[in-house]
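Participant: When you get a sec, could you give me coordinates for this:
(one chain, ligands or ions: 1)
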Amino acid sequence: MKTVFSYAKPYKFYIVIALILMLLELTVELLQPLVIASIIDQGIVARDQDVIIQLGLVLMGLSVIAFVSGIVNSYFAAHASQSFSFDLRQALYGRIQSFSLAMFNKFPASGLITRLTSDVTLVQQVLYMGLRIMLRAPLLVIGSMIMAFVVNPKLAFYLVIVFPFLLIFLYAMVKKGVSYFGFVQKRLDRVNRIVQENLQAVRLIKAYLRGKYETNRFSEVAGSLKIDTVKAFRIMEIILPILLFGMNLSLLAVLWFGAFEIRSGGAQIGELVAIVNYAMRMTGAFTMFSFIIMIFARAKASSERIEEVLLAEDVREKDESGESKEVHRGEIRFENVWFMYPETSRPVLHNISFHLKANEKLAIMGATGSGKSSLLQLIPRFYDATEGTVSIHGRDVTKWQLRALRKTIGIVPQQSLLFTGTISNNLSWGKDEVVQDELADAAIKAQIHETVERFPKGYYTRVGQKGVNLSGGQKQRLSIARALVRKPSILILDDSTSALDVKTEAALWEELEQEQATMLVVTQKIRTAMRADRILLLEDGQISGYGTHAELLESSELYRQIAMSQQEEEVDEYV
Ligand SMILES: Nc1ncnc2c1ncn2[C@@H]1O[C@H](COP(=O)(O)OP(=O)(O)OP(=O)(O)O)[C@@H](O)[C@H]1O
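Facilitator: Sure thing, here's the model as predicted:
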C-alpha cells in the first residue's frame with residue numbers, strides 16, 4: 001500500500017487538518033461521559049441545580065464543537081481523497097500508456113480497466129474513511145478504555161478483559177478478507193473482459209446467432225463474481241455479531257461487579273454510568289470495525305493490484321537515452337534477426353537479413369502466420385529482436401531515442417482503427433500541428449478526398465466509435481491518409497489495402513510510388529507486389545525468396561505457386 005499512498009503526499013495539509021479535526025471530535029466525544037458523570041454525581045445526586053445548568057451548557061458546547069468539527073473534517077477528507085484518487089488514476093494511466101506491447105500480453109485490457117476504475121475508487125474510499133471514521137474507531141476504543149481507567153480502574157478492568165481475544169480475531173479476519181476480496185476483483189476483471197469482447201464483436205455475435213450463447217457465458221462469469229463476493233461478505237458478516245457478543249459480555253461483567261462495588265462504596269453511581277457509557281461507545285466503535293475491515297480488506301487487495309502495474313518491470317528500452325536527432329532517411333537493414341515473443345519459447349522469425357536503401361519499396365508476402373506483422377513490429381520497436389540487429393539510417397534501432405524513431409515512421413495496421421471524433425481529428429491525430437491543406441493533400445493521395453467531400457459535413461463528419469459508420473475500404477484509406485499526414489520517411493502498410501477495389505488500389509499505388517519514403521508493404525496480391533522494387537517472401541518465419549518479381553518467378557517455387565493461384569489472365573500478363 002506504500003506506493004499507492006505515496007500519491008497522497010501532496011495533500012498532507014488537508015490530511016493533517018482532517019486528522020486534527022477528527023481528533024477534536026473524538027476528544028469531545030470522550031469528554032461527554034465525564035461531564036454526564038459529574039452532572040449525575042455533583043448535580044442530580046447532590047441536588048445542586050446550578051451545577052446541572054453549568055455542566056449542561058458545557059455539554060451543549062461540546063456537542064456544537066463535535067458537530068462543526070465533523071462537517072469541516074468531511075470537507076477536508078473529501079478534498080484530499082478525491083485529489084489523491086485523481087493523481088493515482090493519472091499516474092496509473094500514464095504508466096499504462098508507457099507500456100511496451102509485451103506488457104499488454106501480461107496485463108489484459110479488462111484487468112487494466114478494473115484497476116483504473118473500481119480499484120482506484122476502493123483505495124480512494126479507504127483514504128476518505130480513514131480520515132472520517134477509520135482511525136476514529138480504534139482511537140475511540142483506546143480513548144474510551146483510558147478514560148474508563150481514569151474514572152474507575154477496577155470496573156474498567158472488567159470492561160477490557162475480552163480485548164486480547166477480540167484483537168486476535170480481528171487480525172485473522174483482515175487477513176482472510178484481503179485474500180477473498182483480491183479474488184472478487186479478479187472475477188470483476190473477467191466480467192469486464194467478457195463485456196468488452198462482447199461489445200466489440202456485436203456484429204459477429206448477431207451474424208452467428210450467438211446472442212444466447214454469449215448471454216450464458218456472461219451469466220457464468222457474473223455468477224462466479226456473485227458467489228465469490230457473497231463468500232467475502234460472509235466473512236465480514238460474522239465479525240459484527242462476535243464483536244458485539246464479546247462487548248456485551250464485558251458490559252454484563254461491569255454491571256454485575258459494579259453493583260457490588262457501589263454497595264461496598266468502591267464506586268459511585270455516576271462512575272458506573274460513565275463506564276457503561278464508554279462501553280456503549282466502544283461497542284459502537286466495534287460495530288464500525290466490521291465495516292472498516294471490509295473496506296480495508298478490499299482496498300488492500302485493490303492497492304496490491306494497482307502496485308502490480310505501477311511497479312511492474314517493463315522490458316522496454318529507456319526512452320530518454322539514445323540518439324535524439326530526427327531520423328531523416330529511411331534506410332533499413334535487418335542483420336541475422338531472430339525474434340521470439342516474450343513468454344514464448346518458439347522463434348517466429350529465423351535469421352532474417354535484408355537491406356533497403358532510402359526510398360526503396362519492399363513488398364512482403366507469405367502465408368498467414370508466416371511472421372510478416374512480427375517482422376514489421378521490430379522497426380518501430382514495438383518489440384526488440386531477440387538476436388541480431390535492426391538498423392535504420394545505419395544505426396541500431398535500440399540506439400535511437402524512441403520518440404525520434406517513431407516520429408519518422410508512418411504505420412497503417414492490418415485493422416484500421418479510427419477514434420471517435422471528426423474525420424479531420426482522425427487525420428491530424430498523429431501530428432501536433434497540421435493545417436487543413438495538409439489533410440486534404442494526404443486524403444487525395446490516399447484516394448479518400450472525393451469520398452469525404454461527398455459527405456454532407458465533409459472533413460467535419462463525425463466518426464463513430466472505431467469508425468462504425470464507415471466502410472472497410474473508407475477506413476483503410478483514412479488510415480493511410482493519417483499515416484501520410486506525418487510525412488514519414490518510413491511507411492509501413494500491413495495488408496492495409498485489402499478492402500480496396502482494383503481501380504482505387506492502382507490509383508493509390510500511383511501516388512504512393514511518388515512518396516519520398518522507404519516503404520514496406522505486406523500484401524497477398526502479386527499485382528501489388530510487382531510494383532515494389534523488391535519482394536521478400538516469408539515461409540514459417542524464414543526468408544524463402546528475395547528479389548524482383550522477375551527474379552522470384554525464376555527462383556522461387558512458392559512465388560510461382562502464389563502467382564499461379566491468382567487470376568490466370570493476370571499471371572499470363574506478368575509472365
Ligand atoms: N503477441 C503474440 N504473442 C505470441 N505469439 C504471437 C503474437 N503475435 C503473433 N504471434 C505468433 O507469431 C507468428 C507470426 O504471426 P504474424 O502475425 O507475424 O503473422 P503474419 O504473417 O503477419 O500473419 P497474417 O497474414 O495472418 O497477419 C504466429 O505463429 C503467431 O501465432
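Participant: For the ligand, see how far away I562 is.
Facilitator: In this view, I562 and the ligand are 13 Å apart by CB to the nearest ligand atom, to the nearest Å. C-beta here means a position set from N, CA and C on the backbone, and glycine is covered the same way.
Participant: Now do that residue, the pLDDT please.
Facilitator: Predicted confidence (pLDDT) for I562: 82.
Participant: Name the SS class of it, please.
Facilitator: When classified by DSSP: H, G, I helix; E, B strand; the rest coil, I562 comes out as helix.
Participant: Also Y383?
Facilitator: Under three-state DSSP, Y383 comes out as coil.
Participant: Check L537 too.
Facilitator: strand.
Participant: and the closest residue to it other than its chain neighbours, backbone torsions?
Facilitator: Using CB to CB, 6 or more residues apart in numbering and skipping the chain neighbours, the partner closest in space to L537 is G545 (3.6 Å). Dihedral pair for G545: phi -170, psi 140, per degrees, to the nearest 10.
Participant: next one: I411
Facilitator: phi -120, psi 130.
Participant: The one 10 residues further on now?
Facilitator: Taking degrees, to the nearest 10, you get phi 150, psi -170 for the backbone angles of G421.
Participant: just I492 next, same as before
Facilitator: Per degrees, to the nearest 10, the backbone of I492 is at phi -110, psi 120.
Participant: L378 is in contact with that one, correct?
Facilitator: No. I492 is beyond contact range of L378, at 10.8 Å (criterion: CB atoms under 8 Å).
Participant: Which one's more surrounded, those two?
Facilitator: I492 (24 against 21; other CB atoms under 10 Å).
Participant: got the residue ranges for the strands in this protein?
Facilitator: 332-339, 349-356, 361-366, 387-392, 395-396, 409-412, 421-422, 462-463, 490-494, 518-522, 534-539, 542-547 (DSSP state E).
Participant: closest one to the ligand among the ones you listed?
Facilitator: Nearest to the ligand, of all the strands of the chain, is strand 361-366, at 5.5 Å by CB to the nearest ligand atom.
Participant: Next, the angle strand 332-339 makes with that closest one.
Facilitator: 20 degrees (axes from the mean of the first three to the mean of the last three CA atoms, to 10 degrees).
Participant: Any chance you could list what contacts strand 361-366?
Facilitator: Around strand 361-366, the neighbours that count as contacts under CB atoms under 8 Å, 6 or more residues apart in numbering are 354, 356, 372, 375-376, 512-513, 518-524, 528-539, 559, 562.
Participant: can you do 6 Å?
Facilitator: Residues outside strand 361-366 that contact it (CB atoms under 6 Å, 6 or more residues apart in numbering): 356, 372, 519-523, 529, 532-538.
Participant: go on, stretch 165-183?
Facilitator: Residues contacting stretch 165-183 (CB under 6 Å, 6+ apart): D228, A232, I235, I239, G246, I293, A297, R298, K300, A301.
Participant: from the residues you listed, which two are the most distant?
Facilitator: The most widely separated members of these, counting by CB to CB, are D228 and G246 (28.5 Å).
Participant: For K431, the count of nearby residues, please.
Facilitator: Neighbours around K431, by other CB under 10 Å: 15.
Participant: where does it land on pLDDT?
Facilitator: pLDDT, K431: 76.
Participant: try K318
Facilitator: 52.
Participant: swap in H79?
Facilitator: 94.
Participant: which residues touch it?
Facilitator: H79 touches Y14, counting by CB under 6 Å, 6+ apart.
Participant: go again using 10 Å as the cut-off
Facilitator: By CB atoms under 10 Å, 6 or more residues apart in numbering, the contact list for H79 reads Y11, F13, Y14, I15, I17, A18, Y128, L131.
Participant: any idea how far K175 is from the ligand?
Facilitator: 37 Å.
Participant: what number of residues lie near that residue?
Facilitator: Neighbours of K175 (other CB under 10 Å): 12.
Participant: can you pull the pLDDT of the nearest residue to R89 once chain neighbours are set aside?
Facilitator: Spatial nearest neighbour of R89, excluding adjacent residues (CB to CB, 6+ apart): V120 at 5.0 Å. As predicted, V120 sits at a pLDDT of 94.
Participant: number of nearby residues for A259?
Facilitator: A259: 12 neighbours (other CB under 10 Å).
Participant: Show the contacting residues for it.
Facilitator: So A259 contacts A267, L272 (CB under 10 Å, 6+ apart).
Participant: ok, now how distant is it from P413?
Facilitator: Per CB to CB, to the nearest Å, A259 is found 82 Å from P413.
Participant: Buried ones among the contacts of strand 361-366?
Facilitator: Buried members of those, scored by 16 or more other CB atoms under 10 Å, are 356, 372, 519-523, 529, 532, 534-538.
Participant: contacts with the ligand among those, please.
Facilitator: K372 (CB under 6 Å from any ligand atom).
Participant: The ligand contacts on the stretch 101-250 of the chain?
Facilitator: So far as CB under 6 Å from any ligand atom goes, the stretch 101-250 of the chain lies against the ligand at N105.
Participant: Report the spatially closest residue to the residue nearest the centre of the chain, excluding sequence-adjacent ones.
Facilitator: Relative to the mean C-alpha position of the chain, the nearest C-alpha, by CA atoms, centre = their mean, is the one of L112, at 3.2 Å. Nearest residue to L112, sequence neighbours excluded (CB to CB, 6+ apart): I96, at 5.7 Å.
Participant: Pull up the residues of this protein that are close to the ligand.
Facilitator: So the chain meets the ligand at 105, 341, 344, 348, 366, 368-374, 414 (CB under 6 Å from any ligand atom).
Participant: same thing but at 5 Å, please
Facilitator: Counting by CB under 5 Å from any ligand atom, the chain comes close to the ligand at Y341, V348, T368, G369, S370, G371, K372, S373, S374.
Participant: Pull out the buried residues from the residues you listed.
Facilitator: Buried among the residues of the chain next to the ligand (16+ other CB under 10 Å): Y341, V348, S370, G371, K372, S373, S374.
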